[in-house]
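S.K.: need the 3D shape of this:
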Amino acid sequence: MTSVASEQAAVPEVRTLAERVFQQLQDAIVRGELAPGSKITEPGLSRTYGISRGPLREAMRRLESHRLIERVPHVGARVVKLSMQELLELFDVREALESMAARLAAEHMTAPEIAGLREVLAVHERQADLRSGEAYYQREGDLDFHFRIVQGSHNKMLMGMLCDDLYYLVRLYRTQFSASGTRPQRAFVEHHRIVDAIEAGDAELAELLMRRHVSASRTNVVERYAASLEPQESETSS
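M.R.: Numbering: from 1, shown residues only. Predicted coordinates for the structure are as follows:
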């Protein structure tokens, strides 16, 4: 086999490895195992995951394109950490675009798609975290309620913005700062009401319910984010 052919044969393996590392790192960031603002280096990640620099660099490029890591001059790569103002702006965008997605879903979602959405909620209902009152952790992609609503809008531009450009960043803050106590159950009930409106073809109600739902999520996330900053602020002032 020529060197060119060997290189071409190795490409799928490298891509598969890079994809696996991307998924591992993405999940670690979303769950907070790699803390916001923490510095990450190629040698450190290479040792942790036992892979060569090539696949790792490809994985890091994908993380950067999904806004989960950022390059800081004279510092290097670090896990993204939004300021309070940036977090508020992110939720402003979520509220506007996801409520629009719910309206469009009520107009365009097919019966099989709506049935699939209800199946997602049935999966969520069986989750231990929801039953125990812990953070309501929605799985990625097709098992993510909000992701499915956006897909159901059948609007490609909206899908690109919410499912590609902002999806992982939104999911990061939704996961790390989801409320405990009664909020997970309330959020689950709100999800059911949104699906009811979509199934009824009531676009105006679906939009209103999604706007209220995201607004309530914003309030919880902002409060918990602010609480997470308090120890740091007290240390700085002492």
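S.K.: buried residues in whichever strand or helix holds Glu89?
M.R.: Element membership for Glu89, per DSSP states H and E: helix 84-108. Of the residues in helix 84-108, 87, 90-91, 93-95, 97-106 count as buried by neighbour count, 16 or more other C-beta atoms under 10 Å. Where you see a C-beta, it was placed from the backbone N, CA and C, and this is true even at glycine.
S.K.: what helices or strands is that helix leaning on?
M.R.: helix 145-152, helix 156-159, helix 167-176, helix 183-199, helix 203-237 (3 or more C-beta pairs under 8 Å, 6 or more residues apart in numbering; DSSP states H and E).
S.K.: right, so of the ones you listed, which gets closest to Thr110?
M.R.: helix 145-152 (8.2 Å; C-beta to C-beta).
S.K.: between the closest one and helix 167-176, how many degrees?
M.R.: 150 degrees (axes from the mean of the first three to the mean of the last three C-alpha atoms, to 10 degrees).
S.K.: return the distance of helix 145-152 from the chain's centre.
M.R.: Here helix 145-152 is found 12 Å from its chain centre; the criterion is C-alpha atoms, centre = their mean, to the nearest Å.
S.K.: packing partners of that helix?
M.R.: Using 3+ C-beta pairs under 8 Å, 6+ apart as the contact criterion, the neighbours of helix 145-152 among helices and strands are helix 84-108, helix 111-125, helix 156-159, helix 183-199.
S.K.: the residue sitting nearest the centre point of the chain and Leu162, how far apart?
M.R.: The C-alpha lying nearest the average C-alpha coordinate of the chain belongs to Arg171 (C-alpha atoms, centre = their mean; 1.9 Å). For Arg171, the distance to Leu162 equals 11 Å [C-beta to C-beta, to the nearest Å].
S.K.: same question, Ala122
M.R.: For Ala122, the distance to Leu162 - C-beta to C-beta - is 24 Å.
S.K.: ditto for Arg94
M.R.: In this structure, Arg94 and Leu162 are 8 Å apart, going by C-beta to C-beta.
S.K.: what is in contact with the two at once?
M.R.: Taking C-beta atoms under 8 Å, 6 or more residues apart in numbering as the criterion, Arg94 and Leu162 both touch Val170.
S.K.: picking that back up, which of Ala122 and Leu162 has more neighbours?
M.R.: Taking Ala122 and Leu162 together and counting by other C-beta atoms under 10 Å, Leu162 has the greater number of neighbours (24 against 9).
S.K.: which residue packs closest to the more buried one, ignoring adjacent ones?
M.R.: Val150 (4.6 Å; C-beta to C-beta, 6 or more residues apart in numbering).
S.K.: also Arg212?
M.R.: Nearest one to Arg212, counting by C-beta to C-beta, 6+ apart, is Glu190 at 7.5 Å.
S.K.: tell me the pLDDT at the one you found?
M.R.: Model confidence at Glu190, given as pLDDT, is 94.
S.K.: how deep is it tucked in, by neighbour count?
M.R.: A count of neighbours around Glu190, defined by other C-beta under 10 Å, yields 18.
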